[in-house]
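Asks: Need a 3D model of the sequence below.
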Amino acid sequence: MANPWTGEVEITLDGVAHRAKLTLGALAELEAEIGEAGGMIALVERFEARRFSSRDVLALIVAGLRGGGWQGRAEDLRGVEIGGGPMVAAQRAAELLARAFAVPGAGEA
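Replies: Alright, predicted model coming up:
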């Protein structure tokens, strides 16, 4: 079970639940994947504007899974069913971004 308080998101691959988290290392891999031109700020802006691509979603899912300990690559997900389909995958990708950049203690009364 994923722990949202530590930035984790649960992603189901072929019926098996996995923890995903954007660790510093995973974020570095993600930046390398999306390239310097767009960068993390542009990625966050695309998600905020709901103008992200399937490539954005896949890059985030892979980075998050790798941050959670998964040893696969993007190619390994081609034939895998992500629980809930593409819409849930996009939601999980957005959750990963939001949890990675949330300020600890924000929203506490």
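
Asks: which residues in this protein form helices?
Replies: Assigned by DSSP state H, the helices in the chain fall at 24-34, 39-48, 54-67, 85-100.

Asks: Tell me which of these is the most buried.
Replies: helix 54-67 (a mean of 22; mean count of other C-beta atoms under 10 Å). Glycine gets a C-beta too; all of them are placed from N, C-alpha and C.

Asks: So which elements touch that helix?
Replies: On a contact count with 3 or more C-beta pairs under 8 Å, 6 or more residues apart in numbering; DSSP states H and E, helix 54-67 meets strand 9-13, strand 16-20, helix 24-34, helix 39-48, helix 85-100.

Asks: Tell me how many other residues crowd residue 4.
Replies: When neighbours are counted by other C-beta atoms under 10 Å, residue 4 registers 13.

Asks: pretty sure it is touching residue 99, no?
Replies: Yes: counting by C-beta atoms under 8 Å, residue 99 is a contact partner of residue 4 at 6.5 Å.

Asks: Could you point out which residue ranges in this structure have low pLDDT?
Replies: Applying pLDDT under 70 to the chain flags the ranges 36-37, 103-109.

Asks: Tell me how far residue 21 lies from residue 50.
Replies: Distance of residue 21 to residue 50, computed by C-beta to C-beta, to the nearest Å: 23 Å.

Asks: no wait, residue 100
Replies: With distances taken as C-beta to C-beta, residue 100 is found 18 Å from residue 50.

Asks: circling back: which of the helices and strands packed on helix 54-67 sits closest to residue 55?
Replies: helix 24-34 (8.4 Å; C-beta to C-beta).

Asks: I'd like the distance from that closest one to the chain centre, please.
Replies: Chain-centre distance of helix 24-34: 11 Å, with C-alpha atoms, centre = their mean, to the nearest Å.

Asks: Skipping adjacent residues, who's closest to residue 102 in space?
Replies: Spatially, and ignoring its direct neighbours in sequence, residue 102 is nearest to residue 7 (7.5 Å; C-beta to C-beta, 6 or more residues apart in numbering).

Asks: dump the residue contacts of the one you found.
Replies: By C-beta atoms under 8 Å, 6 or more residues apart in numbering, residue 7 lies in contact with 21, 22, 96, 99, 100, 102.
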